[in-house]
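**Student:** Model the structure of this input:
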Amino acid sequence: DEALGHQLGAARALCEALGLCCAASEEFEADDLIATAAQRARAAGRSVEIVSRDKDLLQSLRGPSDRMRSADGSRVFDLAAAEARFGVPTAAIPELQALSGDAIDGIPGVPGVGERTAMRLIRRHGDLEGLYGALASQGSEALAGLRGAEGLAARLHAARDDAFLYRELTRAREDAAVAFAP
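**Tutor:** From the prediction side, this is the model:
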């Protein structure tokens, strides 16, 4: 709407006046722009600090000096803290959310798969390709040690296409075609 457009324009002008990097895109979401900026900073040998409460962006922490904090500073994650919190490498957070869901972003996940089960599956199989490959070759044996392995295997099989879609929806793109100014 017109009022919001004016506010966004004023915010951009303020950021540019302060010498802050600005980017906008009609094609990519803000998470994609932030992840792209983080990737470009790492490629240039810089550490990354993201200011956001959106846990999806933790997937952009890759180096030991990378950080993410809330604007008020009440929550701060470095790479080790993020990996300890989620129990998987930060790059695997979209895999985790694809299986367990993300209520804030409206991602339901695979029915009956909670965060702890998703963590175990990703730690064991690495990613969705590894998980579904193991299910295809080993059946429910790929889930040995998990409670209700047969039922879980059936639910995972039934939700296979959805899980891959959910991963795409939660994965922040690091290759957005956007110029950052100034």
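**Student:** Strands along this protein, start to end?
**Tutor:** 49-51, 67-69, 76-78 (DSSP state E).
**Student:** Go through stretch 83-90 and flag the buried ones.
**Tutor:** Taking 16 or more other Cβ atoms under 10 Å as the neighbour-count basis, stretch 83-90 is seen to contain the buried residues 83, 86, 88-90. From N, CA and C alone the C-beta is placed, and that goes for glycine too.
**Student:** average pLDDT for that stretch?
**Tutor:** Taken as a whole, stretch 83-90 has an average pLDDT of 94.
**Student:** Where does the prediction get shaky in this protein?
**Tutor:** In the prediction, the chain carries residues with pLDDT under 70 at positions 181-182.
**Student:** Distance check, the most centrally placed residue in the chain against residue 66.
**Tutor:** For the chain, the residue nearest the mean C-alpha position is residue 56 (3.9 Å; Cα atoms, centre = their mean). Using Cβ to Cβ, to the nearest Å, we find residue 56 at a distance of 15 Å from residue 66.
**Student:** Same question for residue 42.
**Tutor:** Residue 42 sits 8 Å away from residue 66 when distances are taken as Cβ to Cβ.
**Student:** show me the contacts for residue 138.
**Tutor:** Residue 138 sits next to no residue when contact means Cβ atoms under 8 Å, 6 or more residues apart in numbering.
**Student:** hey, which of the strands of the chain is tucked in deepest?
**Tutor:** Greatest average neighbour count among these goes to strand 67-69 (a mean of 20), per mean count of other Cβ atoms under 10 Å.
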